[in-house]
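Undergrad: below are the sequence and a predicted model for it; my questions follow.
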Amino acid sequence: MGTTVEVYLYAPSSVRAAALLEAAFAEVERVEAALSNYRPTSELSRINAAAATAPVTTDPEVFGLIARALDYSRRSEGAFDITVGPLVKAWGFFDGAGRYPSDDELADARARSGWRQVDLDETTRRVRFLAPGLELDLGAIGKGWALDCAAATLRRNGVRAALLSAGQSTYYAIGAPPHERGWPIHVTDPQDTTRTLSTALLRDQALSTSGTGEQSFELGGQRYSHIVDPRTGQPVAGMAQVTVTAPTATDSDALATAIFVLGPERATELIRGPPAGAALLVMEASGEGRVLALDWPERVARLSR
């Protein structure tokens, strides 16, 4: 998944802990093998290679995750879109350099993207693309799904306290450490990552953060975010960071991306569900209104100037 996965857990012995960790990471690897679009043998690669030509019947897990992603696309009116890959590539974000695409390049990328171009048949579990060149990229939701699956494996094996992390941007907490109210997750100030903006205490819930961070580029005196608005084909402007808590990591991943694109005007409607969660938004604009806390239960520090 192009990231680092970490698991912290409590177990009665180091031998038991090692076995539990191996089971959790085996589950992450299983999900990676199914969802990676970098592996030609994955189920997602098989769908991408054939669904524009003929409907592809897939397994219940992959079909269910695609359907869940498309439901978030519908609810966010396209702000969350697992077909956004061609637009991200057009802006040069896949190779990390960043560049301004030509009008023709952007038009071509928009023709090869769009969640409404994905047709699902729930009866037969068939996936069909209505536009040539369309591809699914589950990167914005797959990390969360992998953590949810690994957490389910740990729960089945009797774990009552664990914290799972993917890239330090998505977390899922099982229970809490002994004698604690939850697992402390520090949300940093996007302007100064050495400062903590707020500390969330996670207990049987997930947290995800979407932000520009170092993944942006500057051209002609303007900074462009690596997160592209699928509806316009343009990088998102005005947002610096969005942190979301939700019942599952799949939900927190999707919500963080969707709210980053939608901005503060639509955030309240989306975060209050279902599923119900909380959000902490940081805007790029200066002034006191730079931070918006939506049902966020913890104290929020002032931003650095």
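TA: Cool, the structure landed.

Undergrad: poorly predicted segments of the stretch 151-300 of the chain, please.
TA: 213-224, 286-289 (pLDDT under 70).

Undergrad: and the strands in it?
TA: 162-166, 170-174, 183-189, 192-202, 205-211, 216-219, 222-225, 239-246, 278-283, 291-294 (DSSP state E, counting those that start in this stretch).

Undergrad: can you redo those as a markdown table with distance to A109 and mean neighbour count?
TA: Every C-beta, even on glycine, is put in place using the N, C-alpha and C of the backbone. Output for the strands of the stretch 151-300 of the chain, formatted as a markdown table (distance: least, C-beta to C-beta, whole Å; neighbours: other C-beta atoms under 10 Å):
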| stretch | distance to A109 | mean neighbour count |
| --- | --- | --- |
| strand 162-166 | 27 | 23 |
| strand 170-174 | 27 | 26 |
| strand 183-189 | 32 | 19 |
| strand 192-202 | 31 | 16 |
| strand 205-211 | 21 | 26 |
| strand 216-219 | 17 | 13 |
| strand 222-225 | 15 | 18 |
| strand 239-246 | 21 | 26 |
| strand 278-283 | 27 | 22 |
| strand 291-294 | 31 | 17 |
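
Undergrad: I'd like to know which of those lies nearest to S102.
TA: strand 216-219 (13.5 Å; C-beta to C-beta).

Undergrad: R156: which of the strands of the stretch 151-300 of the chain is closest?
TA: It's strand 170-174; of the strands of the stretch 151-300 of the chain, that one is closest to R156 (C-beta to C-beta) at 11.3 Å.

Undergrad: could you dump that closest one to CSV, C-alpha only?
TA: Provided in CSV are the C-alpha atoms of strand 170-174 (Å, rounded to 0.1, in the frame of the first residue of the first chain):
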residue,chain,number,x,y,z
THR,A,170,-5.0,6.3,9.7
TYR,A,171,-5.5,4.6,13.1
TYR,A,172,-7.9,2.0,14.6
ALA,A,173,-8.1,1.4,18.3
ILE,A,174,-9.3,-1.8,20.0
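
Undergrad: can you tell me what sits against it?
TA: Residues outside strand 170-174 that contact it (C-beta atoms under 8 Å, 6 or more residues apart in numbering) are 9, 143-144, 147-148, 151, 154-155, 159-165, 182-183, 185, 202-209, 248-249, 252-253.

Undergrad: what about S113, distance to L136?
TA: 10 Å (C-beta to C-beta, to the nearest Å).

Undergrad: can you list residues touching both of the two?
TA: Shared contacts of S113 and L136, counting by C-beta under 8 Å, 6+ apart, come down to T83.

Undergrad: dump the strands of the stretch 151-300 of the chain to TSV, plus distance to V62.
TA: Output for those, formatted as TSV (distance: least, C-beta to C-beta, whole Å):
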stretch	distance to V62
strand 162-166	19
strand 170-174	20
strand 183-189	29
strand 192-202	28
strand 205-211	21
strand 216-219	32
strand 222-225	29
strand 239-246	21
strand 278-283	28
strand 291-294	32
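
Undergrad: out of these, the one nearest A90 is which?
TA: Using C-beta to C-beta, those put strand 222-225 closest to A90, at 12.1 Å.

Undergrad: okay, now the domains of this protein?
TA: 48-139, 176-294 (automatic domain parsing).

Undergrad: next, format those domains as JSON lines and append distance to T3.
TA: Shown next, in JSON lines, are these (distance: least, C-beta to C-beta, whole Å):
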{"stretch": "domain 48-139", "distance to T3": "9"}
{"stretch": "domain 176-294", "distance to T3": "12"}
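
Undergrad: out of the ones you listed, which gets nearest to A18?
TA: domain 176-294 (19.3 Å).

Undergrad: show me which helix runs longest in the chain.
TA: helix 14-35 (DSSP state H).

Undergrad: show me what the helix or strand following that helix is packed up against.
TA: The element immediately downstream of helix 14-35 (helix or strand, assigned by DSSP states H and E) is helix 43-50. For helix 43-50, the contact count by 3 or more C-beta pairs under 8 Å, 6 or more residues apart in numbering; DSSP states H and E identifies helix 14-35, strand 56-57, helix 60-75 as packing neighbours.

Undergrad: contacts for helix 43-50 next, please.
TA: By C-beta under 8 Å, 6+ apart, helix 43-50 touches 34-37, 39, 56, 58-59, 62, 127, 135-136, 138.

Undergrad: kindly report the same for stretch 273-288.
TA: By C-beta under 8 Å, 6+ apart, stretch 273-288 touches 187, 189-190, 197-198, 211, 237-248, 251-252, 255, 259, 264, 267, 271, 289-297, 300, 303.
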